[in-house]
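Visitor: coordinates only, sequence not included:
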């Protein structure tokens with residue numbers, strides 16, 4: 001028999017009260033002017049919050065982020081089984097309490113034949129971790145640096161070619177004085193060629209994935225229909241993703257945790273499916289990865305929202321008993337540092353080169 005946290009009984013999350021605020025005026029989504037949490041506002045996550053967070057961060061795809069950067073609240077509501085106003089109000093609250101600090105529209109790195117990897121390492125002694133984190137997060141290509149309670153550090157590294165990646169990894173290992181582990185983040189193939197106008201449209205919306213078409217069109221001096229058509233083409237081709245900055249410190253009464261598991265590649269679908277189904281009320285994001293070396297165990301990270309540390313221990317005990325699991329660990333997030341600088345630089349460099357080329361040929 002499963003413990004209470006795995007059954008439909010004894011939910012560990014608080015219930016929710018349907019909000020009557022919002023309505024059509026708030027359906028601009030992430031563009032709403034966020035305010036500080038009102039006094040007494042709930043800063044825990046219930047299972048509805050977790051499912052909404054999963055929908056806007058990743059959805060049903062196995063990609064690392066959601067390619068549907070303009071997913072309608074109606075679609076989110078229908079998927080979860082709530083009304084559209086509730087979905088909108090809950091997304092607004094996730095921003096208002098500071099759990100979601102911001103967004104970027106980012107390019108699929110395969111557009112420029114690049115990629116991303118996840119690196120995780122135990123820094124010993126743990127007192128050395130702050131110094132390592134301070135140095136690593138200043139490195140080029142580090143888009144996420146996660147500090148966990150204890151000795152664990154994890155980061156997402158974005159690179160333009162394999163040579164650059166190996167230089168970055170060597171430097172990280174020299175700083176941390178440990179080899180760590182590596183997982184390749186699989187992005188979908190993307191063969192689309194972006195035109196000068198595509199780059200200009202992307203530049204207009206990259207800081208606000210849900211900016212109204214009319215506003216972007218006004219900035220560029222083109223029609224909103226053109227903006228909508230061009231963005232739709234890029235989204236359909238998996239060229240764009242919505243990338244959020246998550247702040248675990250915003251929560252009180254809920255804990256964000258990272259469950260890292262490894263298993264033989266042949267069991268990927270079976271193991272991932274079993275864990276995802278069993279932990280469905282807690283999973284807000286799944287980091288599917290590929291091993292750095294062919295034939296090595298496949299890593300996968302399940303990012304969870306839990307009520308307490310005791311629940312984390314129960315989950316870990318259960319996961320270690322799942323057939324096929326070679327090893328598993330669960331770590332509690334302390335801080336997530338997100339840097340949009342590399343995304344911004346990628347875009348500005350590309351647009352700048354196109355504008356110079358256009359001027360030279362004029």
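Guide: Yes, it's here. Every value quoted in this text rests on a predicted model; they were computed, and no experiment measured them.
Visitor: which SS state does residue 102 fall under?
Guide: strand (DSSP: H, G, I helix; E, B strand; the rest coil).
Visitor: Dig out what it forms beta bridges with.
Guide: residue 245 (DSSP bridges).
Visitor: right, and it touches residue 245 too?
Guide: Yes. The criterion here is CB atoms under 8 Å, and residue 102 meets it with residue 245 at 4.8 Å. Yep, even glycine has a C-beta here, placed from its N, CA and C like the rest.
Visitor: okay, and the common contacts of those two?
Guide: Taking CB atoms under 8 Å, 6 or more residues apart in numbering as the contact rule, residue 102 and residue 245 both touch 338, 340.
Visitor: any chance you could map the helices in the stretch 201-350 of the chain?
Guide: 213-220, 224-236, 268-278, 309-319, 341-361 (DSSP state H, counting those that start in this stretch).
Visitor: Of all these, which one comes closest to residue 49?
Guide: helix 309-319 (15.8 Å; CB to CB).
Visitor: how near is residue 126 to residue 132?
Guide: Counting by CB to CB, to the nearest Å, the gap from residue 126 to residue 132 is 10 Å.
Visitor: which of the two has more neighbours?
Guide: Shown here are residue 126 and residue 132; by other CB atoms under 10 Å, residue 132 has more neighbours (19 against 13).
Visitor: Out of the helices of the stretch 201-350 of the chain, which gets nearest to residue 298?
Guide: Residue 298 lies closest to helix 268-278 among the helices of the stretch 201-350 of the chain, at 5.5 Å (CB to CB).
Visitor: Buried by neighbour count: which residues of that closest one qualify?
Guide: 268, 271, 272, 274, 275, 278 (16 or more other CB atoms under 10 Å).
Visitor: what's the burial count for residue 122?
Guide: The burial count for residue 122: 17, using other CB under 10 Å.
Visitor: bridging residues for it?
Guide: Here residue 122, judged by DSSP bridges, has bridge partners residue 152.
Visitor: residues touching it, list them.
Guide: Going by CB under 8 Å, 6+ apart, the list of residues near residue 122 reads 151, 152, 153, 178, 180.
Visitor: Ok, residue 100 next?
Guide: 94, 244, 245, 246, 247.
Visitor: Wait, the third one touches residue 98, no?
Guide: No. Between residue 245 and residue 98 there is no contact under CB under 8 Å: 10.1 Å.
Visitor: what's the helix or strand for residue 171?
Guide: Secondary structure assignment for residue 171, by DSSP states H and E: helix 162-176.
Visitor: re the thing from before, between the contacts of residue 100, which sits nearest residue 69?
Guide: Of those, the one sitting nearest to residue 69 (CB to CB) turns out to be residue 244, at 10.9 Å.
Visitor: ok, that closest one - how many residues close by?
Guide: Neighbours of residue 244 using other CB under 10 Å come to 23.
Visitor: do the same with residue 251
Guide: If we define neighbours as other CB under 10 Å, then residue 251 has 17 of them.
Visitor: swap in the one 10 residues further on?
Guide: Neighbourhood size, residue 261 [other CB under 10 Å]: 24.
Visitor: picking that back up, now, which of the contacts of residue 122 sits nearest residue 81?
Guide: For those, the nearest to residue 81 is residue 152 (35.7 Å; CB to CB).
Visitor: Lowest-confidence entry in the contacts of residue 122?
Guide: Ranked by pLDDT, the contacts of residue 122 bottom out at residue 180, which scores 86.
Visitor: Residue 86 contacts residue 77, correct?
Guide: Yes. Counting by CB under 8 Å, residue 77 is a contact partner of residue 86 at 6.9 Å.
Visitor: okay if I get the helices of the stretch 201-350 of the chain as CSV plus mean pLDDT and distance to residue 256?
Guide: Output for the helices of the stretch 201-350 of the chain, formatted as CSV (pLDDT from 0 to 100; distance: least, CB to CB, whole Å):
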stretch, mean pLDDT, distance to residue 256
helix 213-220, 96, 33
helix 224-236, 94, 28
helix 268-278, 96, 17
helix 309-319, 96, 10
helix 341-361, 74, 23
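Visitor: Of the ones you listed, which is nearest residue 51?
Guide: Between the helices of the stretch 201-350 of the chain, helix 268-278 lies closest to residue 51; by CB to CB that is 12.5 Å.
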